[in-house]
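Student: below: sequence and its predicted model.
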Amino acid sequence: MFITAIDLGSAYIKGIIAEQRKDGSLVLVKTIKRESKGIKKGEIVYPEETVKGLFEVLSIIKQFDKKCLRNIVFGISGTRVQFHLSRAAISIPRPDFEILSEDVDRVIQESMAIQIPAGWQIIHSFPREFVIDGIEVEGTDVVGLSGKKLEANVVLISAFSSVYRNFRRVTDLVLGKKGDFLGSVIFTPLASERATLTKSQKELGAVLLDIGYGTTGVAVFQDGRLLVAKVLPIGSGHITNDLAVGLRCTILTAELIKIEYGNANARDVSVRDKLDMSQYEPELSSQTSLKFVAEIIEARVREVFGLVQDELKSLGVFGKLPAGVVLVGGGAKLKGLADIAREELKSPVKIGFPNTDEFEKAHSGLAETDDPSYAAVCGLVLQRSDQTNKKYVARSFAHTPLDVNESWFKRIIRILRANE
Ligand SMILES: Nc1ncnc2c1ncn2[C@@H]1O[C@H](COP(=O)(O)OP(=O)(O)OP(=O)(O)O)[C@@H](O)[C@H]1O
Ligand SMILES: [Mg+2]
């Protein structure tokens, strides 16, 4: 069986096709990366634009093997996707008190009866931990165990209606209107952490930061429990914009300078190091100092970590997470970033890579996934594979195969028209 994951990022659409063997192991068979359009700060704001980019990605997937279109998982992101924790309890009605899959469904359903603001809707739910007759159970596979009372702490992810609508306008293209939307979408920070953080890091306490182009995804763990997952509306693209203003150059030039010469730790850069701007744009005749470039970058980087600091303080875990901070996302590749994170977050910091022990690679060309920016898309595959390997699969996770006979073009036109 194939698992296809699509991360709709603010800068790039990244796709991965993995083959899941019968024993549950995963073989990475293809990666796809295209510039994304119509996505701002993680949210799809112009679905028609996003669909065009996605269409290209889907065509490649289809060419590779049509079967890959049957099991697709998407990442959803943005500040208007939120995390909630809910608790519910049910009695087990059978005389032998054996817990069945339907009981797990029922307790999760009960947990969804929480007050969420008008205009928001729950798009994803999964149990964080179960308690049977007052005793916390290791793991989340409780089907087959027995007890009189089943309690669940459940993570609920909700999205604002317009975010949900735009996301569906794009994903319905692949899943079909009757497709299993709920089972095919995962909040992106949860995918990034799945691919990067180890069980022991989560037990000790750790923060995952996915610094993308327009967002920073945050996931915080303590004692093995997810405390929060959220998306901050600031990313590495903001550094590029600041550089373009500060250096009076185009965004493209600023991006090239950031990647080639950028350093978030301005103390490490000498004032004597100069950059000839005319090599990028002939009309820019002046030289600029690399220290000036680094100072612009550092100011924005400190702002990002300042927001993370506020978040950790509000959770009461600032400076108290021994496994520290793991940085992923394309933005994590910026030189000097870990130094500033260490200062601002008063924690050990390291750059994270998707945990490739969980994937075999079909060929050496797939080494590009050994990169912090692939954390989210690799995590989507792993999350999907976890769902498949579990004894308990919530009904909403049952997947409806796509009608692959319908012409792709017709399908796009029909969906775009239906939403006009
Ligand atoms: N070597 C590098 N040094 C510094 N920055 C880099 C480097 N490589 C990529 N980036 C930055 O990473 C960002 C893109 O990261 P990523 O691919 O994770 O974004 P995305 O997932 O599309 O966006 P988002 O998650 O915010 O929706 C760009 O802003 C780019 O400048
Ligand atoms: Mg991203």
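Tutor: Cool, got the structure. Residues are numbered from 1 along each chain as shown. Ligands and ions are numbered 1, 2, ... in the order given.

Student: CA atoms for contacts and neighbours, from now on please.
Tutor: Will do.

Student: near ligand 2, which residues of the stretch 201-350 of the chain show up?
Tutor: Within the stretch 201-350 of the chain, the positions near ligand 2 by Cα under 5 Å from the ion are Gly212.

Student: and the residue of the stretch 201-350 of the chain found nearest ligand 2, how close does it get to Thr188?
Tutor: Residue nearest to ligand 2 within the stretch 201-350 of the chain: Gly212 (4.6 Å; Cα to the ion). Using Cα to Cα, to the nearest Å, Gly212 is found at 11 Å from Thr188.

Student: these two: which is more packed in?
Tutor: Thr188 (31 against 25; other Cα atoms under 10 Å).

Student: tell me the contacts of that one?
Tutor: 7, 75-77, 217, 376, 380 (Cα atoms under 8 Å, 6 or more residues apart in numbering).

Student: so which of these is the most crowded?
Tutor: Neighbour-wise, these (other Cα under 10 Å) top out at Leu380, 34 neighbours.

Student: so for it, what's the pLDDT?
Tutor: Note for Leu380: predicted pLDDT of 96.

Student: quick one, what contacts it?
Tutor: 5-7, 73-75, 186, 188, 191-192.

Student: including secondary structure, could the contacts of Thr188 go into TSV?
Tutor: Putting the contacts of Thr188 into TSV (DSSP: H, G, I helix; E, B strand; the rest coil) gives the following:
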residue	secondary structure
Asp7	strand
Gly75	strand
Ile76	strand
Ser77	coil
Gly217	strand
Ala376	helix
Leu380	helix
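
Student: so can I have JSON lines of the residues you listed showing distance to ligand 1?
Tutor: Listed next are these as JSON lines, based on distance: Cα to the nearest ligand atom, whole Å:
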{"residue": "Asp7", "distance to ligand 1": "7"}
{"residue": "Gly75", "distance to ligand 1": "10"}
{"residue": "Ile76", "distance to ligand 1": "9"}
{"residue": "Ser77", "distance to ligand 1": "7"}
{"residue": "Gly217", "distance to ligand 1": "7"}
{"residue": "Ala376", "distance to ligand 1": "8"}
{"residue": "Leu380", "distance to ligand 1": "13"}
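
Student: widest-spaced pair of the residues you listed?
Tutor: Gly217 and Leu380 (14.2 Å; Cα to Cα).

Student: what does the pLDDT read for the residue of the stretch 201-350 of the chain closest to ligand 2?
Tutor: 98.

Student: for the longest helix along the chain, buried residues please.
Tutor: Assignment by DSSP state H gives helix 290-315 as the longest helix of the chain. The neighbour-count check on helix 290-315 (16 or more other Cα atoms under 10 Å) flags 290-298, 300-302, 304-305, 308-309, 311-312 as buried.

Student: filter those residues by proximity to ligand 1?
Tutor: Among the buried residues of helix 290-315, not one lies near ligand 1 by Cα under 6 Å from any ligand atom.

Student: and the residue in the stretch 251-400 of the chain that ligand 1 sits nearest to, how many neighbours?
Tutor: Scanning the stretch 251-400 of the chain for the residue nearest ligand 1 gives Gly330, at 3.3 Å (criterion: Cα to the nearest ligand atom). Burial measure for Gly330: 19 neighbouring residues, criterion other Cα under 10 Å.

Student: how close does Lys350 get to Ala338?
Tutor: 6 Å.

Student: looking at those two, which one has more neighbours?
Tutor: For the pair Lys350 and Ala338, the greater number of neighbours falls to Ala338 (21 against 18), based on other Cα under 10 Å.

Student: tell me who's in contact with that one.
Tutor: 327, 349-351.

Student: all helices of the stretch 201-350 of the chain, in order?
Tutor: Under the criterion DSSP state H, counting those that start in this stretch, the stretch 201-350 of the chain contains helices at 236-247, 251-261, 290-315, 337-345.

Student: which other helices and strands contact the longest one?
Tutor: When contacts are defined as 3 or more Cα pairs under 8 Å, 6 or more residues apart in numbering; DSSP states H and E, helix 290-315 packs onto helix 236-247, helix 337-345.

Student: mind putting those into a markdown table with distance to Thr369 and mean pLDDT?
Tutor: Shown next, in a markdown table, are those (distance: least, Cα to Cα, whole Å; pLDDT from 0 to 100):
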| stretch | distance to Thr369 | mean pLDDT |
| --- | --- | --- |
| helix 236-247 | 20 | 97 |
| helix 337-345 | 21 | 98 |
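
Student: can you tell me which of the ones you listed comes nearest to Val57?
Tutor: Comparing those by Cα to Cα, helix 236-247 comes nearest, at 23.0 Å.

Student: any weak-confidence spans in the chain?
Tutor: 177-182, 390-420 (pLDDT under 70).

Student: how many neighbours does Lys335 have?
Tutor: By other Cα under 10 Å, neighbour count at Lys335 equals 17.

Student: and Gly134, by the same measure?
Tutor: Gly134, neighbours per other Cα under 10 Å, totals 12.

Student: one step back: most neighbours among the contacts of Ala338, which one?
Tutor: Most surrounded of these: other Cα under 10 Å gives Leu327, at 30 neighbours.

Student: ok, that residue - contacts?
Tutor: 208-211, 338, 349-352, 372.

Student: out of those, which sit inside strands?
Tutor: 208-211, 349-351 (DSSP state E).

Student: out of those residues, who's near ligand 1?
Tutor: Counting by Cα under 6 Å from any ligand atom, no member of the ones in strands among the contacts of Leu327 reaches ligand 1.

Student: possible to save the residues you listed as TSV with distance to Val29?
Tutor: Output for the ones in strands among the contacts of Leu327, formatted as TSV (distance: Cα to Cα, whole Å):
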residue	distance to Val29
Leu208	27
Leu209	27
Asp210	24
Ile211	26
Val349	31
Lys350	28
Ile351	25
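
Student: now the residue nearest the centre of the chain: closest residue in space that isn't a chain neighbour?
Tutor: By Cα atoms, centre = their mean, the chain has its centre lying nearest to Thr188, at 2.0 Å. Distances taken as Cα to Cα, 6 or more residues apart in numbering place Gly75 nearest to Thr188, at 4.9 Å, with adjacent residues excluded.
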